Structure formats: structure tokens, C-alpha cells
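> whatever this is, show me its structure:
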Amino acid sequence: MKSTVALAAAILLCTNAVADELDLSFNNDAFRIVYARDFAGSELSWDAAVLNHSDNGYVVSGSIYLTGFASGGDNPLEAGLGARAAWVDGDESSQNGIPLAPGGFLKYTLPNYNRISIRVDAYYAPDVLTFDDVEKYEDYSIRVAYNLMKEADIYVGARYVKAEFDNDSEQHFDTGMNLGVNLRF
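The predicted structure follows:
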């Protein structure tokens, strides 16, 4: 855990970024915080996140992805494609490990209601892309956001984050609806 935090801090201090983003979401059982940055002069972005479930453990992750537009027009479809590495600690299972999950996101802003957007994220790591006790990792989310201010969205979403371990146990780190806010600065 300490090495993951140190790596995230080093990345934060060493990057030349042009945009920052802070995303906070929660429900009765889980809380996720994500800090994201764009690399200056490219369409490459990265993020660091912590997801904590009050009973089942936590996931500390970092993602890197290429972002851009997947379509043209006034309200194009935004996309990101890359991979997420995570440290997964299943408290109840006494299991932990590292998945390397390819994935990405799609974000669509409604043309006639440009304050409303829909975003879907998906990351998946089968057994061949996992280490230590983890055998499979899934991280999916969907959200509907309202652009409350120029640089701030509020949203309602659903998230499903699960890890399967080699002792035939599995941990659900989040499996439900959540409320959130996304701030860009």
C-alpha cells in the first residue's frame, strides 16, 4: 500500500499537465475518489483512484489512456482507451493482488440538452492479467451527469467492482447506485 501511494505521489509531482479533474462518488457502503490529469501536448491522460468499501476492502488504482473523439459533429462521442493497474485488498477474504485491466470509457453529451451527458467505463482483467491472489477483476460503471456549472457536474450512476481470488472467494467492492460530483480545474 505504501509503495502504491509513493508511486502515485511521484507521478503527480513529475508530470507536466494541462488539466486536472477530481471525481468523488459514494453510496451507503462505498466511496471512490479519482484524481485525473492530461499530459501537456498530447491526448494521453492518467488517473489515480481509491475505492473503499466499508466491509469488503479497498482498491487503489492507476489508469493511463489515450483520449479523443470517436465521432464528429457538434456533440461528438468522446472516448478513452487504455489500461488500469490496481492493488486489490479483499478484507473479508484475506486475499490481495494486482490486476492489469485493459479498458476505457465512452462519453456522450446530448445534442439538444448539452448540460446532460452519459458516460460508461469498463475495465476487465482475466486470470492471465492478474497476479498474487487475484484470478479475475471487473470494474464497470455508468453515469448520467448534469453540468451544474462550467467546470462542475453532478451525477447519479451505478458501479460494479469485483475481484475473484484463488481461494474460490470473491469480493464485491461496489455493486450499486451512487451519487457523485466531478470538478475540473
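
> is it true that residue 91 touches residue 57?
Yes. Residue 91 is in contact with residue 57 according to CB atoms under 8 Å; the separation is 3.9 Å. Where C-beta positions appear, they are placed from N, C-alpha and C, glycine not excepted.

> settle it for me: which of these two has more neighbours?
Neighbours were counted for residue 91 and for residue 57 using other CB atoms under 10 Å; residue 57 has more, 21 against 15.

> my read: that one touches residue 88, true?
Yes. Shown here, residue 57 and residue 88 form a contact pair, counting by CB under 8 Å, at 7.4 Å.

> which neighbours do these two share?
Any residue near both residue 57 and residue 88 by CB atoms under 8 Å, 6 or more residues apart in numbering counts here, and that gives 171, 173.

> before we move on, the earlier item: between residue 91 and residue 57, what contacts are shared?
residue 171.

> could you find the closest non-adjacent residue to residue 22?
Leaving aside its chain neighbours, residue 22 sits nearest to residue 183 (4.7 Å; criterion: CB to CB, 6 or more residues apart in numbering).

> let me fix that, I meant to ask about residue 26.
Nearest non-adjacent residue to residue 26, counting by CB to CB, 6+ apart: residue 178, 6.0 Å away.
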